[in-house]
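>>> Here is my input, please return the structure:
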Amino acid sequence: MEDPEGGARPQFDGASAAGRKDGKKSRRRKGKRGGQSRNAAQPASHDLSGHAGETARPKEDTESPARKRKRRRRGGRGASQPDIAAQPQAVAQIVTHSHGGTRPDGDSPSSRRNRRKHRSKRGLQGRPLVPVQAPPSARPEHRADAPTRPSPREVHDAEAANRRSRQSGPEVERAGGEHPWPDELYAALDLGTNNCRLLIAQPTRPGQFRVVDAFSRIVRLGEGLAASGRLSDEAMERAVDALRICASKLRSREIRRMRLIATEACRQAANGEEFLKRVVAETGLDLEIIDRETEARLAVSGCSSLVGRETRSVVLFDIGGGSSEIAVIRIGDNRFARLANHITHWTSLPVGVVTLSERHGGRDVTPEVFEGMVSEVAGMLSNFDCPEIEIAEDGDFHLIGTSGTVTTLAGVHLDLPRYDRRKVDGIWLSDDEVSAMQAKLLSWNFESRAANPCIGPDRADLVLAGCAILEAIRRRWPSPRMRVADRGLREGLLTDMMADDGVWRRNRNRRGQRGNKG
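Predicted coordinates:
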């Protein structure tokens, strides 16, 4: 008989060492060790021996008891099944069904089942083709009614949650995915002049949290506010539509504590309070209008993890749609747990990317128009009474920008094919790099800015107004470098709520208790 893979097929059954002239054990028998013999269902009197070319005959009981015990431990009593299958006529003379006599085809049901069971695991020479599976005792237990693998929908939801955690949240999940209070969720909503943003997060390590869900949409609530002093019907409708989505996300989860705020557009508009009553009636969300000082402190709290231990002075600014908050932070030898406690001076400029672009035009911006915008903001900053910042050495002082303007500059600088928060948040830009990016954006027309994946058509008419505000701040506080923060009021709200509830302090205590028990 010829073996297609290895030439002439060896003419021995591998039942015992006696089947080979060299006295060595069969490799085929070794593959069966620990398992049931394929002929185990047959009576002992039907044990087979002899070579494959001979007529099978009953085996004489001439072996010693020790050899019998050794053969029984190997689990084999007769010829291997492939050899039996190769001799159907010979086997048909002696193979009988254990419960019902001889079958017409000379093949018992048990041997057929065993042959089908092992056929996919062996090659023509009896060697396993795939690794043997672990025994049931080594596998993790699972319910019989539970699926052995996640459904496509579950995989999609898990991947979506991981993407939101990577792209929206300031921190990552603790190693192992273990959290001390898995049901304690916090929510923060920021309805600004240009955007509506929501974060739902879970506390993890001290000072950090993991984002569970996030939402952001450009609503331009303050569109036309500078000219009319009121929120337009179209702008309010866009904002309410976005808030309905936020309300649905909040209702779908058990939130321990939430804070929902509105900023400059609702502060300035004559119908701001009326609009918030409509929001309560149509969405059930009760938003509070915060003052400018609170807004500045929240921006600082949200960016506290980006201020290194070696830093002694920082100017942090948040360029919004209707206002821009600036905080001067001086850190001495003793640093407080909350960075906002180190604010020495702050101001809120009544100008943002929406209001400034509406006054000067944001679609077609020439160098002269750009310089006019910078001069207007610089005039506002001249009224800010703040002592000069003394820089002792490099690294003591720098700027931190948290706004769509600075993140856009960073994305353009990195030449990203698509905006990626993980690559932008926390990046350092030198003073020369910021100047180069501003000059590049100023040289582009509206269509070129809209075509950039990090700007898009929604921000194409606002980005240069934001660059003008940034330029005025850089001229007031020259710094060799600036750090970009893709975070802000929502992160500040979450940080303050978690700190007030002491979840991170309880986290430390619980970890200590676990360590003592171990």
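
>>> lowest-confidence helix or strand of the chain?
strand 48-49 (a mean of 35; mean pLDDT, DSSP states H and E).

>>> contacting residues for L414?
When contacts are counted by Cβ atoms under 8 Å, 6 or more residues apart in numbering, L414 touches K423, V424, I427. Placement of C-beta: from N, CA and C, glycine included.

>>> For these, please prepare CSV with the additional fields neighbour count, secondary structure and distance to R267.
Converted to CSV, the contacts of L414 look like this (neighbours: other Cβ atoms under 10 Å; DSSP: H, G, I helix; E, B strand; the rest coil; distance: Cβ to Cβ, whole Å):
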residue, neighbour count, secondary structure, distance to R267
K423, 13, helix, 34
V424, 21, helix, 29
I427, 18, coil, 32
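
>>> So which of those residues is the closest to I400?
Nearest to I400, judged by Cβ to Cβ, of the contacts of L414 is I427 at 11.5 Å.

>>> what about stretch 502-518, average pLDDT?
Averaged over stretch 502-518, pLDDT sits at 57.

>>> in terms of contact, does P457 touch E447 like I think?
No: using Cβ atoms under 8 Å, P457 is not in contact with E447, being 9.3 Å away.

>>> biggest helix in this protein by residues?
Counting by DSSP state H, the longest helix found in the chain is helix 233-251.

>>> With just CA atoms, put it into CSV.
Once non-C-alpha atoms are left out, helix 233-251 reads as follows in CSV (Å, rounded to 0.1, in the frame of the first residue of the first chain):
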residue,chain,number,x,y,z
ASP,A,233,-35.0,80.1,17.3
GLU,A,234,-32.8,78.1,15.0
ALA,A,235,-29.9,78.1,17.5
MET,A,236,-32.2,77.0,20.4
GLU,A,237,-33.7,74.2,18.3
ARG,A,238,-30.2,72.9,17.5
ALA,A,239,-29.2,73.0,21.1
VAL,A,240,-32.4,71.3,22.3
ASP,A,241,-31.9,68.5,19.8
ALA,A,242,-28.4,67.8,21.1
LEU,A,243,-29.7,68.0,24.7
ARG,A,244,-32.3,65.4,24.0
ILE,A,245,-29.5,63.0,23.0
CYS,A,246,-27.7,63.8,26.3
ALA,A,247,-30.8,63.2,28.3
SER,A,248,-31.3,59.8,26.7
LYS,A,249,-27.7,58.8,27.6
LEU,A,250,-28.1,59.9,31.2
ARG,A,251,-31.4,58.1,31.6
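
>>> neighbours around G224, how many?
15 (other Cβ atoms under 10 Å).

>>> sorry, that was for E371
E371: 12 neighbours (other Cβ under 10 Å).

>>> picking up where we left off before, any idea which of the contacts of L414 is closest to Y186?
V424 (24.1 Å).

>>> correct me, but the closest one touches G404?
No: using Cβ under 8 Å, V424 is not in contact with G404, being 10.9 Å away.

>>> Would you map the helices across the stretch 151-300 of the chain?
For the stretch 151-300 of the chain, helices defined by DSSP state H, counting those that start in this stretch occupy the ranges 152-168, 225-228, 233-251, 264-268, 272-283, 292-302.

>>> Please identify the most buried of these.
Among those, helix 264-268 has the highest mean neighbour count (mean count of other Cβ atoms under 10 Å), at a mean of 25.

>>> So which elements touch that one?
helix 272-283 (3 or more Cβ pairs under 8 Å, 6 or more residues apart in numbering; DSSP states H and E).

>>> please redo it, this time with the cut-off set to 10 Å
Contacts defined by 3 or more Cβ pairs under 10 Å, 6 or more residues apart in numbering; DSSP states H and E place helix 264-268 against helix 225-228, helix 233-251, helix 272-283, strand 288-289, helix 292-302, helix 353-360.

>>> could you dump the ones you listed to TSV with distance to G466?
Shown next, in TSV, are the helices and strands packed on helix 264-268 (distance: least, Cβ to Cβ, whole Å):
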stretch	distance to G466
helix 225-228	16
helix 233-251	20
helix 272-283	23
strand 288-289	23
helix 292-302	15
helix 353-360	4
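
>>> Out of those, which gets nearest to M497?
helix 292-302 (10.3 Å).

>>> Give me the distance between A468 and R490.
26 Å (Cβ to Cβ, to the nearest Å).
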